[in-house]
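J.: okay, sequence plus prediction incoming.
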Amino acid sequence: MADFTMPSLGADMDEGTLVEWLVGPGDTVTKGDVVAVVETAKSTIEVECFDSGTVGALLVEPGTTVPVGTRMAVIASGAGSPAPAPAPAPAPAPAKATAPTSALQTAPGPTTPTRDAVSTPLVRHLAEQKGIDLSSVHGSGKGGRITRADVEHAPAERPHRVKASPLARRLALSSGVDLSALRGTGLGGTIRAEDVRAATAAPASRTVESREAARPPSATAEPAYAARAAIAALMSRANREIPHYYLSTTIDLAVAMAWMRDRNASRPVAERLVPAALLLKSVALAARQVPELNGYWKEEAFVPSPAVRLGVAVSLRGGGLVAPALADADSMPLPELMATLKGLVSRARSGRLRASETADPTLTVTNLGDQGVEAVFGVIYPPQVALVGLGRVTERPVAVEGMLTVHPTVTATLAADHRASDGATGARLLTAIDRLLQRPEEL
């Protein structure tokens, strides 16, 4: 028997709101299955189950805000786990309604299964994500039950239910927006929170009640403001408690960019590498080489991490910032890192991050090069002890063997915790990043 609790999805998270359950009592789950959607001050996150077994009681109702660590459900582990207790039998109906009871019990012929008998909430959630109409899927499970395999092998069709993120549904409910009248800009046409916010300023014909179309800006900006407030509170604490020191260096990218162009020449456009992939991989490898900056400051001591979980700062379209983690980024091949990064950013901006992607980054990278910024001096995200900033790749004059030439360069900065390291250690990390980018074939 195991407890499913409200997870900690970041150092700044004290509580979370359960948006919806994706499983019900009696459902079988395996470790890694998404079982719930939780909303934090920053974003909406899909939460995985960390145990395998049968779902017992669900202890928290959707819409409830509870502190981190609160018991939310019970998972009966292992094969042969006891099923949840059956619901009490309904009270007998009046006599005039019970006349055909025996006939109903004995009469042959097919019966219409209920929605829960056709598929589990988890399977329905997967079908919604893939855009599959379950009414067109043949169930291969016991009694015609639709399984996960059935959904994964079914062709995507137009779903009968409007596809929208949980946050978008909540905003639509509070603002009176008719989701069926909106066109989603998310993956697969999913309606995102930004689509709903835009609709609040649209003509009344796109809303259920015309007066809701003129909601004040303060109301539509509330979620973004809450996200910014949460970030500001954490950064204020970091500035107060962490003695920062800063270092910076300019890295010549001529060799790395030439190598990347050669590799991309034989790749399809969709699979071509971008400079960000090389930069992130070099930071991850450097973190492995300088373990004094890869870990956490806990209980007045530095705790190194055996793995590199590279946090990547992602700005959200509606405002706010999240830093999901690339697990084992140091050992991930560049094409895989590129694909994983794309998926991570897409899920972050559509409000579909998973809990495992937000948990325990060991070192964070913030890259504002696409915003035209040449140097970033960030604030450490506790309990981490370092943050690497990367600016825009820009051409600068450099001296090579006594000759002045123009090469692509990037400014890399380091913000580090003086309690855990000193400038010499920080310099080793930046030097390692530079050295790795001069040998891109080793990335």
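T.: Yes, it's here. Numbering: from 1, shown residues only.
J.: shouldn't Val255 be in contact with Pro440?
T.: Yes. Look at Val255 against Pro440 with CB atoms under 8 Å: they come within range, at 6.5 Å. The way it works is simple: take the backbone N, C-alpha and C, and place the C-beta from them, glycine included.
J.: okay, those two: which has more neighbours?
T.: Neighbours were counted for Val255 and for Pro440 using other CB atoms under 10 Å; Pro440 has more, 21 against 15.
J.: helices of the stretch 51-200 of the chain, start to end?
T.: Secondary structure of the stretch 51-200 of the chain (DSSP state H, counting those that start in this stretch): helices located at 101-106, 115-118, 121-130, 148-152, 166-175, 193-199.
J.: which residues does the most centrally placed residue in the chain contact?
T.: By CA atoms, centre = their mean, the chain has its centre lying nearest to Leu353, at 1.5 Å. Counting by CB atoms under 8 Å, 6 or more residues apart in numbering, Leu353 touches 43-46, 322, 324, 344, 347.
J.: one more time with 10 Å
T.: 9, 40, 42-47, 314, 322, 324, 344, 346-347 (CB atoms under 10 Å, 6 or more residues apart in numbering).
J.: what bridges to it?
T.: Ile45 (DSSP bridges).
J.: partner strands of the longest strand seen in the chain, parallel or antiparallel?
T.: Longest strand in the chain, counting residues (DSSP state E): strand 403-417. Strand 403-417 has the following strand partners under DSSP bridges: strand 244-252 (antiparallel), strand 386-390 (antiparallel), strand 394-400 (antiparallel).
J.: starting at the chain centroid, how far to it?
T.: 31 Å (CA atoms, centre = their mean, to the nearest Å).
J.: now it: buried residues?
T.: Within strand 403-417, the residues that count as buried by 16 or more other CB atoms under 10 Å are 408-417.
J.: ok, stretch 340-348 next?
T.: For stretch 340-348, the neighbour count (16+ other CB under 10 Å) marks 340-341, 344-345, 347-348 as buried.
J.: closest one of the buried residues of strand 403-417 to Phe377?
T.: Comparing the buried residues of strand 403-417 against Phe377 with CB to CB places Thr413 closest, at 5.5 Å.
J.: who touches that closest one in this structure?
T.: Residues near Thr413 by CB under 10 Å, 6+ apart: 246-249, 366, 375-378, 387-391, 430.
J.: just the strands in the stretch 51-200 of the chain please.
T.: 53-58, 65-67, 71-77 (DSSP state E, counting those that start in this stretch).
J.: any chance of these in a markdown table, plus distance to His153?
T.: Supplementary listing: those in a markdown table, determined by distance: least, CB to CB, whole Å:
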| stretch | distance to His153 |
| --- | --- |
| strand 53-58 | 25 |
| strand 65-67 | 37 |
| strand 71-77 | 27 |
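J.: out of the ones you listed, which gets nearest to Val162?
T.: Closest to Val162 of the strands of the stretch 51-200 of the chain is strand 53-58 (CB to CB; 24.8 Å).
J.: quick one: average pLDDT of that closest one?
T.: Here strand 53-58 scores 90 as its mean pLDDT.
J.: now it - C-alpha only, CSV.
T.: The C-alpha trace of strand 53-58 is given here as CSV (Å, rounded to 0.1, in the frame of the first residue of the first chain):
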residue,chain,number,x,y,z
GLY,A,53,-0.8,-1.1,-8.4
THR,A,54,-4.5,-0.5,-8.1
VAL,A,55,-6.0,2.9,-7.3
GLY,A,56,-7.9,2.8,-4.1
ALA,A,57,-9.5,5.8,-2.6
LEU,A,58,-9.2,9.3,-4.1
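J.: centre of the chain to that strand, how far?
T.: Worked out by CA atoms, centre = their mean, strand 53-58 lies 24 Å from the chain centre.
J.: same thing with stretch 264-277?
T.: Taking CA atoms, centre = their mean, one finds the center of stretch 264-277 at 24 Å from the center of the full chain.
J.: what do you get for stretch 373-390?
T.: 20 Å.
J.: buried residues, that stretch. List them.
T.: Result for stretch 373-390 [16+ other CB under 10 Å]: buried residues 376, 378-390.
J.: pick out the most distant pair among those residues.
T.: Once CB to CB is applied, the buried residues of stretch 373-390 give Pro383 and Leu390 as the farthest pair, at 22.4 Å.
J.: let me see the contact set for Ala348.
T.: 42-43, 45, 312-317, 321-324, 357-358.
J.: counting neighbours, which of those comes out on top?
T.: Neighbour-wise, these (other CB under 10 Å) top out at Ile45, 31 neighbours.
J.: I'd say that residue and Met6 touch.
T.: No. Counting by CB atoms under 10 Å, Ile45 stays clear of Met6, with 11.2 Å between them.
J.: which residues are in contact with both of those two?
T.: Joint contacts of Ile45 and Met6 (CB under 10 Å, 6+ apart) are 13, 16, 36, 38.
J.: the third one should be in a helix, yeah?
T.: So the one you mean is Ala36. No. Using DSSP: H, G, I helix; E, B strand; the rest coil, the assignment for Ala36 is strand, not a helix.
J.: which residue sits closest to it, ignoring its sequence neighbours?
T.: Val47 (4.7 Å; CB to CB, 6 or more residues apart in numbering).
J.: tell me how far the one you found lies from Ala325.
T.: 15 Å (CB to CB, to the nearest Å).
J.: contacts only, for Glu61.
T.: For Glu61, the contacting residues are 18, 21, by CB under 10 Å, 6+ apart.
J.: any chance of the strands of the stretch 51-200 of the chain in TSV with mean neighbour count and distance to Ala193 as columns?
T.: What follows is the strands of the stretch 51-200 of the chain, written out as TSV (neighbours: other CB atoms under 10 Å; distance: least, CB to CB, whole Å):
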stretch	mean neighbour count	distance to Ala193
strand 53-58	20	25
strand 65-67	14	18
strand 71-77	18	24
